[in-house]
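Asks: give me a model of this one.
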Amino acid sequence: MSNAPLMPKATAVWLVDNTSLSFAQIADFCHLHELEVKAIADGDAAQGIRGIDPISGGQLVREDVEKAEKDPSLRLKLQESKVRLPEPKRRKGPRYTPVSRRHDRPSAILWLLRSHPELKDAQIMRLVGTTKTTIQSIRERTHWNIASLQPIDPVALSLCSQLDLDFEVNKASKGLPPRPEGEDAQTLLPAEVTTAEPHSPFADFAPSERRRDDEEKIDADSVFSKLKNLRRDDEEDEG
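Replies: Numbers count the residues shown, from 1 in each chain. Now for the predicted structure:
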């Protein structure tokens, strides 16, 4: 079965008034029930509807209509339109923000400016659907409501998705130089250290520390030996 024509009832009205096609043929072409077409012919339905000519509209060919009038078993086919409408292009610009969420945009902009200063104004505009003027006023703290603004994550405000935010942040971070490593920067231990089998209790100490511990041990032994000798001398004196 072919696609239905534009305004099928109006088309059926014209075919009933201007052709000798059967009710079944008209119903099949217009995607209507045969009883509906009969009601249109009897004046019980579609009253006040002006008929539309499908031939002048390019939906039917006159020769096909004439053949179908002579042979009730033929079925009419809707002609394909020769006019190809271009697909509407998506409009580029700020994201649309519902009216109920528009008052949250300044808080989201403030959060983005503080948490992700690497983002460009165009990226913030895409994320929360704002204007460059608003971003500039919040950055320069000249916004009319800057005193009461609190930074809030735009994802929590449902102004953008986490995927969109991560995409824009990663995109903005690509052009930035790597962060310099300071003296206190934490680094991973070498593999030979993390995979080494435990052996001596002094294995984790540096050689200087190990030497210091050995010296401390030696000094302690000499001290205890001296104490023992003094105790023996005292015992002999008493005896």
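Asks: which residues in this structure form helices?
Replies: Along the chain, the segments classed as helices by DSSP state H run 8-18, 23-30, 34-42, 62-70, 105-115, 121-128, 132-139, 162-173, 191-194, 207-238.
Asks: going by mean pLDDT, which of the ones you listed comes out lowest?
Replies: Ranked by mean pLDDT, those end with helix 191-194 at the bottom, a mean of 49.
Asks: residues touching Asp64, list them.
Replies: Leu76, Lys77 (CB atoms under 8 Å, 6 or more residues apart in numbering). C-beta coordinates here come from the backbone N, C-alpha and C atoms, glycine included.
Asks: same deal with Gly43?
Replies: So Gly43 contacts nothing (CB under 8 Å, 6+ apart).
Asks: and it, how far is that from Glu69?
Replies: In this view, Gly43 and Glu69 are 22 Å apart by CB to CB, to the nearest Å.
Asks: over to Pro5?
Replies: In terms of CB to CB, Pro5 sits 18 Å off from Glu69.
Asks: have a look at these two and say which one is more surrounded.
Replies: Pro5 (21 against 14; other CB atoms under 10 Å).
Asks: now for the more buried one: which residues touch it?
Replies: Thr11, Phe29, Cys30, Pro54, Gly57, Gln59, Leu60, Leu78.
Asks: ok, 10 Å please
Replies: 11-12, 15, 29-31, 52, 54, 57, 59-60, 76, 78-79 (CB atoms under 10 Å, 6 or more residues apart in numbering).
Asks: from those, list just the buried residues.
Replies: The neighbour count (16 or more other CB atoms under 10 Å) marks Thr11, Ala12, Leu15, Phe29, Cys30, Ile52, Pro54, Gln59, Leu60, Leu76, Leu78, Gln79 as buried among the contacts of Pro5.
Asks: test my guess that the first one contacts Ala27.
Replies: No. With contacts counted by CB atoms under 10 Å, Thr11 stays clear of Ala27, the gap being 11.3 Å.
Asks: quick one: which of the contacts of Pro5 is nearest to Asn170?
Replies: Leu78 (49.8 Å; CB to CB).
Asks: still on that earlier bit, can you name the two of the buried ones among the contacts of Pro5 that are farthest apart?
Replies: Most distant of the buried ones among the contacts of Pro5, by CB to CB, are Ala12 and Gln79, 17.0 Å apart.
Asks: show me how the chain divides into domains.
Replies: Listed by automatic domain parsing, the domain ranges of the chain are 8-70, 99-173.
Asks: now do the shortest one: distance from first to last residue.
Replies: Chord length of domain 8-70, first to last residue, is 23 Å (CA to CA, to the nearest Å).
Asks: sorry, back to before: mind putting the contacts of Pro5 in JSON lines, distance to Ile146 included?
Replies: Below are these laid out as JSON lines (distance: CB to CB, whole Å):
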{"residue": "Thr11", "distance to Ile146": "62"}
{"residue": "Ala12", "distance to Ile146": "65"}
{"residue": "Leu15", "distance to Ile146": "68"}
{"residue": "Phe29", "distance to Ile146": "66"}
{"residue": "Cys30", "distance to Ile146": "63"}
{"residue": "His31", "distance to Ile146": "61"}
{"residue": "Ile52", "distance to Ile146": "60"}
{"residue": "Pro54", "distance to Ile146": "63"}
{"residue": "Gly57", "distance to Ile146": "60"}
{"residue": "Gln59", "distance to Ile146": "61"}
{"residue": "Leu60", "distance to Ile146": "66"}
{"residue": "Leu76", "distance to Ile146": "69"}
{"residue": "Leu78", "distance to Ile146": "62"}
{"residue": "Gln79", "distance to Ile146": "63"}
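Asks: done for today, thanks.
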